Each structure stands twice: as structure tokens, then as C-alpha cells.
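Engineer: Starting from these lines, generate the structure:
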Amino acid sequence: MADTVPSGSRRMWCSVPERLQLHMAMLALQFGYAGFHVVSRAALNMGISKIVFIVYRNIIALLLLLPFAYFLEKKERPGITLKFLVQFFLLALVGITANQGFYFMGLDNTSPTFASAIQNSVPAITFLMAALLRIEQVRLDRKDGIAKVTGTFFCVAGASVITLYKGPAIFTPAPPLHGPTRYASMFPSLGNAKGKNWTLGCIFLIGHCLSWSGWLVLQTPVLKKYPARLSVTSYTCFFGLLQFLIIAAFTERDPYAWLIHSGGELFSVFYAGVVASGIAFAVQIWCIDKGGPVFVAVYQPVQTLVVAIMASVALGEEFYLGGIIGAVLIIVGLYLVLWGKSEEGKFAKQKVAIQSTHDHRHNRNPCHIKPSLTQALLPPTSDDV
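Structural biologist: Predicted structure coming up:
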């Protein structure tokens, strides 16, 4: 019954090639995440508690995902076991608790553009982790392997530059929203990083990238055994919410901190929950299943560009020399990894084509194959060969 309702829109979507679907989904995801960077920093500047923001975000995401996961995946959802619950708990610990916790502590000490810029190291870290777990192959005797390793080095170098060298402010816009408008109180002084610990913020953001990469890689084997994507996301979000509630019980005991005090805070919480958690998690896990963890990570520069435009034009964020140098290095490294991945795919296709040709030749009609002394010595049937 549930499958017949959206049949028209589903038919239109299915007519689009899957590769184009993946690219469209990833572009939309980056725009959604770009808005999240700006909205989250605005919420922190308005004084909302980091832990309260994260808890509300995950409550909204869970409420959004649960109905879709329950009704759309009734038939394909495997039975739940203790082993699956432990895996979902660990996914939540890495992908929700550590990921979001490090992100907000890092964003609070830096700015949206540089938080997004340092996230461009996620593909290199993802590749490293996937290589160690043998999900990705590294061939140093081929150009694709060399490109991926070189790209990883560039990403690490760029992240190091952003962390260790802030440099002077080379661009300080004066946007109209800093004037006496009704939006100025909603989005105050977004790009002002004075009084913040830039190095500590970057270290937190590197922890965020490590957690995110680990989450991307760990989802791949889980999805092979539990192919219900929305259900995996819902379980992960549920356990992440439980973990943050336990943390909040010790760190945020002030009842007043749990109240929403303005429309700006309410909008920020709903945007984070609906777009950056609910919709983004579902889209991302679908793309991981169809395109692999590295494919999902290679779209990060789009997000950085959009964040830079939004934060600079609308909210007056300052750009620092160290961040720009580091971002350029990271993006160069990112596309080296992407190019290496593309070349690896070409090598794999050539190998399959050669193998299929070889098999075709050996599988010809055996009547045309003349017997030899070696063949005569072999038994008529051999299951061990």
C-alpha cells in the first residue's frame, strides 16, 4: 500500500541514471550542510548551549526518520540482534557523539568557513582508514595509488597549516546585516574570532574529521549485513541521542538552558534537526551504499565555497591567510584522491574486460579442442581444479 502512493514521483526519479542521481544528491547535501555551518555558528553566538542544541537536533532528526524507516523498510529490514545493537551503538558513538561534539567545540573557537575548509581532509582520512581496513586498495606501482597517497599528504599538510598558522586577516567585509536591521540581532558577529583559541578549535575540528571518516568507513560493512539504510540511520540517531542525554545529565543541569529564547534559536534547531541531521543522514547513507565512502567525501569543496559566500556576504566573516593556504592545499589533495579513485576504476574495468575475454576463449566448444597427452592423463572430472 505504501509503495503505491509515491509511484509517479518514484517513476520519474528512477528514469534518471543512478550516477546522475548520486551527483544531484551530493550537491544538494553540500548546500544543506553549508547552511548548517552558518546557522550553527549563529546559534552559538546567540548563547544557546552546545549540548542542548545537539540534543534538540537529534530529537527532531529521530522523529523525522522513524516513520520512514518503519514503513518503507518493513520487508527488507532484517531481524535485530544483540550484535547489530552493539554495532549501531558504536556507529552512534563515532558518527554522532564524537562527530557532533568535536564539531561544535571546534566551531565555537573558529569560524564556519574554516570549519568547512578543514572538513575537506575527510576524503584523505577516509581513504587512509578504508585502506587500513582493506575496503580501498592502494597500488604504489600504479599512478592511481601514487595520486591517492600524494593527495592524502596534501590534505594532512593543509590541515596542519590551518591548525598551526592563523596568519593576518586578509579580507574583512562590511556587510549590510551588521547595520541596524532586524536580522542583526538574529545573526550577530558571525566571523569575529577574537578572544577564541584558534589552535584548540582546529584540533577539535580534526577530531571531528577523524570521527566523521570513521563513521563513513564503518557504515560500509554494517550496510552489507543490515541493508535497511533508513533503519541504520534511525538506530544510530537513537543511540547518539541517548549518549548525549547521559552527557547532558552531568554537564547541563540548568533548566533555563533548555528553553528556546528566540525565533533565531528555534529556526537554528529545526534547520539542524530536519536538514543537517534527518535529511542529510538519509541521503548520505544512501550515497555511501551506492557510491562508496570515498565518493561521498569528495564533494566537500562545494560546501566550503558556498559557506564562504554565505558567511562573507551575509554575515561578515573574516578570512585569514593561514586558513586560505591550508584550504587550497586540502582541496588540491582532495582532487588528487578523486583522480586516483577515477583511474582505479578504469584499471578495474580493463581488468574485468581482459578476464572476460580470456574466459570466453577457454569456454569455447570443447569438441574443437584437440586432446593432448596432458589432457589424457587428467581424470574425466575434477572438482579440485
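
Engineer: Please make it C-alpha for all contacts and neighbour counts, starting now.
Structural biologist: Noted.

Engineer: Next one: residue 71 from residue 65, what distance?
Structural biologist: Residue 71 is 10 Å from residue 65, where distance means CA to CA, to the nearest Å.

Engineer: if you count what's nearby, which of these two comes out ahead?
Structural biologist: Legend: neighbour count by other CA atoms under 10 Å for residue 71 and residue 65, higher for residue 65 (22 against 11).

Engineer: I'd say the more buried one and residue 230 touch.
Structural biologist: Yes - using CA atoms under 8 Å as the test, residue 65 is close enough to residue 230 to be in contact (7.1 Å).

Engineer: separation between the closest residue to residue 165 other than its chain neighbours and residue 71?
Structural biologist: With sequence-adjacent residues excluded and distances taken as CA to CA, 6 or more residues apart in numbering, residue 165 is closest to residue 322, at 5.2 Å. Distance check for residue 322 against residue 71: by CA to CA, it reads 49 Å.

Engineer: any residues touching stretch 96-103, and which ones?
Structural biologist: With CA atoms under 8 Å, 6 or more residues apart in numbering as the test, stretch 96-103 has contacts from 54, 115, 204-205, 207-209, 211-212, 236-237, 240, 243-244.

Engineer: one step back: burial check on the residue nearest to residue 165, number of neighbours?
Structural biologist: Neighbours of residue 322 under the rule other CA under 10 Å: 22.

Engineer: go on, residue 20?
Structural biologist: Using other CA under 10 Å, residue 20 has 10 other residues around it.

Engineer: ditto for residue 338
Structural biologist: Burial of residue 338 is recorded as 23 neighbouring residues (other CA under 10 Å).

Engineer: Wait, a helix at it?
Structural biologist: Yes - looking at residue 338 with DSSP: H, G, I helix; E, B strand; the rest coil, it is inside a helix.

Engineer: residues touching the nearest residue to it once chain neighbours are set aside, list them.
Structural biologist: With CA to CA, 6+ apart as the criterion, residue 338 has its nearest non-adjacent residue at 6.6 Å, and that residue is residue 298. Counting by CA under 8 Å, 6+ apart, residue 298 touches 120, 123, 334-335, 338.

Engineer: Go again with 7 Å.
Structural biologist: Residues near residue 298 by CA atoms under 7 Å, 6 or more residues apart in numbering: 123, 334, 338.

Engineer: Go ahead and measure how far the one helix or strand residue 87 maps to is from the middle of the chain.
Structural biologist: Using DSSP states H and E, residue 87 falls within helix 82-92. Taking the mean of its C-alpha atoms, helix 82-92 sits 19 Å from the chain's own mean (CA atoms, centre = their mean, to the nearest Å).

Engineer: measure residue 73 to residue 274 for me?
Structural biologist: Taken as CA to CA, the span from residue 73 to residue 274 is 20 Å.

Engineer: Which one's more surrounded, the two?
Structural biologist: Set residue 73 next to residue 274 and count neighbours by other CA under 10 Å: residue 274 wins out with 21 against 16.

Engineer: and the more buried one, how far is that from residue 282?
Structural biologist: Separation of residue 274 from residue 282 (CA to CA): 11 Å.

Engineer: just residue 65 next, same as before
Structural biologist: 8 Å.

Engineer: if we can go back for a sec, JSON lines for the contacts of residue 298, including distance to residue 141?
Structural biologist: Output for the contacts of residue 298, formatted as JSON lines (distance: CA to CA, whole Å):
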{"residue": "123", "distance to residue 141": "22"}
{"residue": "334", "distance to residue 141": "21"}
{"residue": "338", "distance to residue 141": "18"}
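
Engineer: low-scoring pLDDT stretches of the stretch 201-350 of the chain, where are they?
Structural biologist: Within the stretch 201-350 of the chain, the segments meeting pLDDT under 70 span 293-294, 297, 300, 313-317.

Engineer: where do the strands sit along it?
Structural biologist: Counting by DSSP state E, counting those that start in this stretch, one finds strands in the stretch 201-350 of the chain at the ranges 319-320.

Engineer: one step back: show me what contacts the residue nearest to residue 165?
Structural biologist: Counting by CA under 7 Å, 6+ apart, residue 322 makes contact with 161-162, 165-167.

Engineer: now do 8 Å
Structural biologist: When contacts are counted by CA under 8 Å, 6+ apart, residue 322 touches 161-162, 165-168.

Engineer: Same check on residue 212?
Structural biologist: 94-95, 99, 122.

Engineer: swap in residue 41?
Structural biologist: So residue 41 contacts 107-108, 111-112, 190 (CA under 8 Å, 6+ apart).

Engineer: How about residue 215?
Structural biologist: Here residue 215 is in contact with 91, 94-95 (CA under 8 Å, 6+ apart).

Engineer: Please apply the same query to residue 106.
Structural biologist: 115, 200-205.

Engineer: Just say helix, strand or coil for it.
Structural biologist: helix.

Engineer: What sits closest to it if chain neighbours are left out?
Structural biologist: residue 201 (4.0 Å).

Engineer: Can you get me a residue count around residue 86?
Structural biologist: When neighbours are defined as other CA under 10 Å, residue 86 has 12 of them.

Engineer: Against residue 92, how distant is it?
Structural biologist: Counting by CA to CA, the gap from residue 86 to residue 92 is 10 Å.

Engineer: Could you do residue 117 as well?
Structural biologist: In this view, residue 117 and residue 92 are 24 Å apart by CA to CA.

Engineer: With neighbour numbers in mind, choose between the two.
Structural biologist: residue 117 (27 against 24).

Engineer: coming back round to it: switch the contacts of residue 215 over to JSON lines; also include pLDDT and neighbour count.
Structural biologist: Shown next, in JSON lines, are the contacts of residue 215 (pLDDT from 0 to 100; neighbours: other CA atoms under 10 Å):
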{"residue": "91", "pLDDT": "95", "neighbour count": "26"}
{"residue": "94", "pLDDT": "95", "neighbour count": "23"}
{"residue": "95", "pLDDT": "91", "neighbour count": "26"}
